[in-house]
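# Fold the following, please.
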Amino acid sequence: MDGRAAYKRRIQLTGRSTYIVSLPKEWVETWRLGRGSEVTLEVMPDGSLKIAPAASERPARRDRRVIDLRGKELDLSFVIKSVIASYLAGYDEVLLLFGDGSVDAVSKIRSIVESNILGFNVLEEGPGYIVFVSVVDHRSMEFSRALSRMARIAAEMLRDVARGLENGDRGLLDLVAERDQLVDKLYLYMARQMTMASSGRLPLKDLGVYSPAEIVHLFLAVKSIERVADHATILSVRVSASLGAGMSVETGLSSLVMEAAEGFSKSVEALIKADAGLAASIAPVLSEYRSRLESMTAQEFLRGGGSLLRYLVIDSMRRITGYSLDIAEAALDISAVREKAKSEGP
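You can find the predicted model right below:
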């Protein structure tokens with residue numbers, strides 16, 4: 001059955017007040033429905049109706065992707081990216097087929113996948129093959145909860161960089177990088193949900209959005225949060241190495257990082273609340289802060305000096321503030337899309 005097929009039906013009246021339409025036979029048979037089966041009707045933002053089998057009527061089914069690598073040169077990076085792409089696309093199982101003598105490769109792939117993808121574990125493996133299966137239901141963690149947790153971790157990573165700078169605490173700085181892996185897991189988890197929602201396999205309400213048009217802006221914001229965590233990690237490693245090399249920390253660097261962390265948290269708050277007013281109020285503050293950082297960088301260049309550590313901190317905060325601005329902009333976009341969808345509703 002072609003999922004894009006369009007059917008024309010006449011509305012009929014039964015009794016005095018009940019309007020009915022018939023369902024396409026192919027659709028009913030595809031879902032193995034019959035007399036007495038339940039369906040759900042969802043009013044979409046544009047006023048159209050979406051009909052789907054009720055959860056209790058959906059046949060148990062797992063989407064499997066087979067990636068045949070036999071006879072090919074094994075590129076671990078390509079294999080890992082292929083598994084991640086399959087996970088993001090919504091596959092429940094991924095079967096990897098290898099050639100002979102690939103025991104070490106299978107072990108490495110298993111370790112990398114299980115440590116980087118939330119709930120995508122090995123179901124079965126043997127000589128020349130391995131099966132990954134998703135063991136986390138998309139409803140086991142609400143999207144809003146995953147988003148809040150991811151942003152909170154990223155913000156705390158930044159604050160710990162500030163504390164590490166303030167106290168010269170290399171141990172605290174080294175812990176920052178360890179949390180980046182959890183941020184990446186949450187990012188992939190949410191990216192999978194957004195992909196499934198955009199293709200109609202997940203209800204929009206599970207993402208807390210009113211319209212499919214919101215998803216593209218939400219994805220860009222979530223990606224920006226992930227990039228903030230990446231930069232916090234990179235900076236923590238560089239600062240720790242600088243301190244280990246005996247470099248001194250100049251006064252004021254920790255406060256620069258803390259200021260960036262606060263701006264980031266405010267932009268995420270605007271995103272989560274889809275608060276256009278908050279986004280509009282934080283954007284000029286972030287822009288002014290980024291301009292100040294750019295001015296500081298220019299002054300360092302003109303002076304022909306300044307410490308490497310100072311430059312690294314300023315440049316990282318400039319980039320992070322740029323991502324915070326992107327998040328605030330996404331909050332504005334989502335608010336506008338949501339307002340339009342509501343105005344066009346029934």
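
# neighbours around the residue lying closest to Ala177 once chain neighbours are set aside, how many?
In this structure, Ala177 finds its nearest non-sequential neighbour in Thr233, 4.8 Å apart by C-beta to C-beta, 6 or more residues apart in numbering. To be clear about C-beta, it is placed using only N, CA and C from the backbone, and glycine gets the same treatment. Look at Thr233: counted by other C-beta atoms under 10 Å, it has 21 neighbours.

# which sections of the chain are below the confidence cut-off?
Along the chain, the parts satisfying pLDDT under 70 run over 1-5, 30, 44-47, 55-62, 100-102, 138-139, 298-306, 345-346.

# Which residue would you name as the spatial centre of it?
Tyr187 (3.4 Å; C-alpha atoms, centre = their mean).

# give the contact list for that residue.
Going by C-beta atoms under 8 Å, 6 or more residues apart in numbering, Tyr187 touches 150, 222-223, 225-226.

# hang on, the residue nearest to Ala177 packs against Glu178?
No. Using C-beta atoms under 8 Å, Thr233 makes no contact with Glu178, being 9.1 Å away.

# Against Leu218, how distant is the residue lying closest to Leu204 once chain neighbours are set aside?
Excluding the flanking residues, the one nearest Leu204 by C-beta to C-beta, 6+ apart is Ala197, at 5.8 Å. Going from Ala197 to Leu218 by C-beta to C-beta, to the nearest Å gives 9 Å.

# how about the helices of the protein, start to end?
25-30, 76-89, 103-116, 143-167, 170-198, 213-244, 253-273, 276-303, 308-343 (DSSP state H).

# what would the ones you listed look like in a markdown table with distance to Thr18?
Listed next are those as a markdown table, based on distance: least, C-beta to C-beta, whole Å:
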| stretch | distance to Thr18 |
| --- | --- |
| helix 25-30 | 20 |
| helix 76-89 | 41 |
| helix 103-116 | 52 |
| helix 143-167 | 36 |
| helix 170-198 | 32 |
| helix 213-244 | 33 |
| helix 253-273 | 40 |
| helix 276-303 | 41 |
| helix 308-343 | 28 |
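
# quick one: which of the ones you listed is nearest Pro53?
In this view, the helices of the chain are compared for proximity to Pro53 by C-beta to C-beta, and helix 25-30 is the closest at 9.4 Å.

# I am finished for the moment; much appreciated.
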